[in-house]
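# have a look at this prediction, sequence included:
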Amino acid sequence: MRFDNKTDAQIESWARKFEEACKTDLPEYELVLTERIRRRQKKHKLSFELSLEHLKMCAIAGKFTSYGHLAKASDVEWSQARHQMNGHDGLLDTLLGVCKNKKLPLLTAICVNQENLETGKLGAEALTGFAEGAKRIGWSVGDPEEFHLECVRHCFEWGEKQKS
C-alpha cells in the first residue's frame, strides 16, 4: 500500500471505509490505521507516545488518571490540550487505534474527569465517545457502561501482568 500519494482526507476516508465495513481485523486496516496515527500526530501538540506511556504506567499502578494528567504527560497546558482530547480525530479516539495496533487493552478507559479519579466513572458524553470509538475500531459494544467497566478491568489485569 502506498500512502505518499494520498491526502490526509483520503487516509481518513480509507480508514472509515474499513471501519464501516467492520473489517478492522484485516492487515490492510492496520497499515492504514498506522498511517492515520502518524499523520494525526503531526497536527497534535499532545504526544500519542507519551500519553500511551502515561496510561500504561497508570494501568500498572492500578490507578485511574485524568485528562489533565494526560496533557501534563505531553508537557502541554490544559487550556491548549482540552480541544485536542475529544472528537473523532482527538487524542483519546486516536489512542484507541494505537491500543488496537499494539494489541493492548483500551487504555483510555482509565482516563476520567479529575473529580472521578476515585470511582473511574465516565461522564455521559465521555462514555458515548469511548463506546463509539471502540465500535469504530471493531469492538462489540452492548451496554456502554458495562463495556467501559469490562475495559477498565482488562486494563488493570493487563497492568498487573506487567509487574511479573
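Perfect, thanks for sending it.
# where is the longest helix in this structure?
Looking across the chain with DSSP state H, the single longest helix is helix 144-163.
# what separates that one from the chain centre, distance-wise?
Here the centre of helix 144-163 is set off from its chain's centre by 14 Å, with C-alpha atoms, centre = their mean, to the nearest Å.
# and stretch 72-80, by the same measure?
So, by C-alpha atoms, centre = their mean, the centroid of stretch 72-80 is 17 Å from its chain's centroid.
# need the pLDDT of residue 23.
For residue 23, the pLDDT comes out at 91.
# which non-adjacent residue is nearest it?
Computed as C-beta to C-beta, 6 or more residues apart in numbering, the closest residue to residue 23 that is not its neighbour in sequence is residue 29, at 6.1 Å. All C-beta spots, glycine's among them, are computed from the backbone N, C-alpha and C.
# what number of residues are in the vicinity of that neighbour?
Close neighbours of residue 29, defined as other C-beta atoms under 10 Å, add up to 23.
# where along this protein do the helices fall?
Assigned by DSSP H, the chain shows helices spanning 8-20, 27-43, 48-61, 67-73, 78-85, 91-101, 124-136, 144-163.
# dump the residue contacts of residue 121.
residue 112 (C-beta atoms under 8 Å, 6 or more residues apart in numbering).
# kindly state the domain boundaries assigned to this protein.
Taking automatic domain parsing as the reference, the chain has its domains at 1-43, 46-163.
# buried deepest among those, which one?
domain 46-163 (a mean of 17; mean count of other C-beta atoms under 10 Å).
# next one: it to chain centre, how far?
Counting by C-alpha atoms, centre = their mean, domain 46-163 comes out at 6 Å from the chain centroid.
# make 10 the starting number, not 1.
Got it, first residue is 10 now, which makes that one domain 55-172.
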